[in-house]
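Visitor: next comes the sequence, and after it the predicted model I'd like to discuss.
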Amino acid sequence: MHWLFLLMAIASMVMAMRTTSMALMVALMLASLALFVAWIVGWYGRRVGDSSRDQSMMIDPTELRRLREVAEARRNAVVPPSEPPSAA
């Protein structure tokens, strides 16, 4: 719900523009800046969290060893031809 920070930042900026007190305007602008930063940090954290890898999809060492053995067996099974085919 990081978007709430954005709404509060906009609201505090609007209130800062409408006030006549200089001290209140400075306080509201600083609050608006802090809320914008909180919104950006929350948005970025959400984006990074959504793109992180799923822990259940990681390969354990035994499965990795098995896959390496299968790849090695395939490499050894494919024998390149000893001479190129003749162009007749």
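Guide: Sure, I can see it.

Visitor: what sits against residue 13?
Guide: Shown in contact with residue 13 (Cβ atoms under 8 Å, 6 or more residues apart in numbering): 28-29, 32. C-beta here means a position set from N, CA and C on the backbone, and glycine is covered the same way.

Visitor: neighbours of residue 15, how many?
Guide: Residue 15 has 15 neighbours, counted by other Cβ atoms under 10 Å.

Visitor: let me redo that: residue 16
Guide: Count around residue 16 with other Cβ under 10 Å applied: 18.

Visitor: surely it meets residue 32?
Guide: Yes - between residue 16 and residue 32 there is a contact under Cβ atoms under 8 Å: 6.5 Å.

Visitor: of the contacts of residue 13, grab the buried ones for PyMOL.
Guide: A single PyMOL command selects the buried members of the contacts of residue 13 (16 or more other Cβ atoms under 10 Å):
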select buried, resi 28+32
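
Visitor: just the ones of the contacts of residue 13 in strands?
Guide: Under the assignment DSSP state E, the contacts of residue 13 contribute nothing to strands.

Visitor: possible to save the contacts of residue 13 as a markdown table with distance to residue 57 and pLDDT?
Guide: Formatted as a markdown table, the contacts of residue 13 follow (distance: Cβ to Cβ, whole Å; pLDDT from 0 to 100):
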| residue | distance to residue 57 | pLDDT |
| --- | --- | --- |
| 28 | 47 | 97 |
| 29 | 46 | 97 |
| 32 | 41 | 97 |
